[in-house]
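**Student:** requesting a structural model of the entry that follows:
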Amino acid sequence: MTEFLYRSLLIGIGATAIFDLWGLFLKHAFGLPGANWGLVGRWFGHLAGGTVYHDDIATARPLAYERALGWIGHYAVGVLFAAILLAVTSSDWPQRPTLMPALVVGLVTVGAGWFLLQPGMGAGVAASKRPNANQIRALNIAGHVVFGLGLYASALLVR
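**Tutor:** Sure thing, here's the model as predicted:
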């Protein structure tokens, strides 16, 4: 169990860091705005208080340290997704990682954003309430492919 947690932690942190580097690339190369981890932290904080859905998270009561909470939550979710990858693959996958399971988990995790986080923050299912919903969806898919590649690359480093 300790090895499972250790691998989940390292692979999840590594994959999430690669995802964040992708976001920095998009920001600097194309001028796309980065994620607002303060608002994500606000959502996590209100989630802990029992509120899942907001009409607009920006108008919800601000919380102390919400930006830090957003970053911590972001990386915790990455570790959780790595643990799911390790739980659904064969017991020898950590020693011999293959790309396809990591990519599948990366793509499946788009659903957490589309069906929980985005509606919870007031953006609608798959950002349907945003004027640039299709762009957001495409960026979500691309980002989670990068996250899947990060799971694979991190697993290679950890093995």
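
**Student:** only C-alpha atoms from now on, for both contacts and neighbour counts.
**Tutor:** Will do.

**Student:** let me see the ranges of the helices in the protein.
**Tutor:** For the chain, the helices defined by DSSP state H cover 2-30, 37-48, 66-88, 99-108, 110-112, 118-121, 133-158.

**Student:** tell me which of those is the most buried.
**Tutor:** Mean neighbour count (mean count of other CA atoms under 10 Å) peaks for helix 118-121 among the helices of the chain, with a mean of 22.

**Student:** helices or strands up against it?
**Tutor:** Contacts defined by 3 or more CA pairs under 8 Å, 6 or more residues apart in numbering; DSSP states H and E place helix 118-121 against helix 37-48.

**Student:** by contact count, what packs against the helix it packs on?
**Tutor:** Going by 3+ CA pairs under 8 Å, 6+ apart, helix 37-48 lies up against helix 66-88, helix 118-121.

**Student:** ok now the last one, how far from the chain's centre?
**Tutor:** What that stands for is helix 118-121. Its chain's average C-alpha position is 14 Å from that of helix 118-121, according to CA atoms, centre = their mean, to the nearest Å.

**Student:** list the residues that contact residue 123.
**Tutor:** Listed by CA atoms under 8 Å, 6 or more residues apart in numbering, the contact set of residue 123 reads 55-56, 129-130.

**Student:** what's the pLDDT at it?
**Tutor:** Residue 123 carries a pLDDT value of 97.

**Student:** thinking again about what came up before, which one among the contacts of residue 123 gets closest to residue 23?
**Tutor:** Using CA to CA, the shortest approach to residue 23 within the contacts of residue 123 belongs to residue 130, at 19.4 Å.

**Student:** excluding chain neighbours, give the residue nearest to that closest one in space.
**Tutor:** Leaving aside its sequence neighbours, residue 130 sits nearest to residue 123 (CA to CA, 6 or more residues apart in numbering; 6.1 Å).

**Student:** the one you found and residue 135, how far apart?
**Tutor:** Per CA to CA, to the nearest Å, residue 123 is found 13 Å from residue 135.

**Student:** from residue 49, how far off is the residue of the chain positioned farthest from its centre?
**Tutor:** Distance from the centre of the chain peaks at residue 92, with 25.1 Å (CA atoms, centre = their mean). According to CA to CA, residue 92 stands 39 Å off from residue 49.
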